[in-house]
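**Q** need a structure here:
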Amino acid sequence: EIEAALRGLESRGPAVEVEGVWYAAEKTPWGIGFVEVLESGDALLRPGPREEADHIIRERSLKGALSGDMVLVKRLGRRAKPGDWKLPEAHVLKILSTRADTLVGTLEDDEEGRRWLVPYDPKMSIELEVRGADDIQTDHYVVVRVERGRKPVGKVIEDLGHPDTPGTDVRDVLRH
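**A** Okay, here's the model as predicted:
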C-alpha cells in the first residue's frame, strides 16, 4: 500500500524515486516540470502547465519525453530570470507521468517514404514517426499507440476512417 501511495505521489510530482530511494521533490536539487517540444526537436521545460519556461532541454536529452509529459530533470545551469534571452539547459532524468499513451491524427508521408503523425489537436507539437501503417490512406484519421524509447515511435491501433464518412468526426473526438 505504501508503494502504491508513493507511486501516486510520484505521478503528480511531490515525491520522486531515484535509484531506489524516495525523495520529497521540493527538497532535491532536481526540477520537475512539463515538456513542450518545439519544431526543432528541442523542448521547453515549464514548472507548471501554463507557466513561463525556465529551462531548455535538447532533443538528445529528452529520453523519449513528449509534449505534456511531467518529467524530473537535472538542471545544468542556473534558473532563468525574467528578461533572460537565453534559457539554461536541463536533462531529463525520468518521465514521471505521460500526457497520453495514444494519440489521434492523420498520417503524412515525407520524401524518404516514412510516415508521420499529424495530431488532431493543432496545439500539440510532436514529431512522431508511425511504423507499420503502409496500408492506411493518408487522409484517414487513426489512433496511434506511442511506443516510448530514446526516440518514440507510433503504431496504428485503429483506423477511424475518412473525415467525410458519417460518424468519423464523433469517433475522432471520443478517441482524442
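
**Q** the longest helix in this structure is where?
**A** Identified as the longest helix of the chain according to DSSP state H is helix 2-12.

**Q** Name the residues of the helix or strand following it that are buried.
**A** Using DSSP states H and E, the helix or strand that directly follows helix 2-12 along the chain is strand 15-18. By 16 or more other C-beta atoms under 10 Å, the buried positions in strand 15-18 come out as 15-17. Backbone N, C-alpha and C define where each C-beta goes, glycine included.

**Q** pLDDT score for the residue positioned nearest the centre of the chain?
**A** Taking C-alpha atoms, centre = their mean, the centroid of the chain lies closest to L66, which sits 1.6 Å from it. Note on L66: pLDDT of 86.

**Q** Distance of T106 relative to K155?
**A** According to C-beta to C-beta, to the nearest Å, T106 stands 16 Å off from K155.

**Q** Please say which of these two ends up with more neighbours.
**A** T106 (19 against 13; other C-beta atoms under 10 Å).

**Q** tell me the contacts of that one?
**A** 117-118, 120, 138-142 (C-beta atoms under 8 Å, 6 or more residues apart in numbering).

**Q** so where's this protein shaky on pLDDT?
**A** Along the chain, the model assigns pLDDT under 70 to residues 78-84, 125, 176.

**Q** Pull the contacting residues for the nearest residue in space to R148 that is not next to it in sequence.
**A** Spatially, and ignoring its direct neighbours in sequence, R148 is nearest to G64 (4.3 Å; C-beta to C-beta, 6 or more residues apart in numbering). By C-beta under 8 Å, 6+ apart, the residues touching G64 are 95, 148-152.

**Q** and which of these is nearest to E26?
**A** I95 (19.2 Å; C-beta to C-beta).

**Q** and R60, that one's in a helix?
**A** Yes - judged by DSSP: H, G, I helix; E, B strand; the rest coil, R60 forms part of a helix.

**Q** Could you check how far it is from A90?
**A** With C-beta to C-beta as the criterion, R60 and A90 are 12 Å apart.
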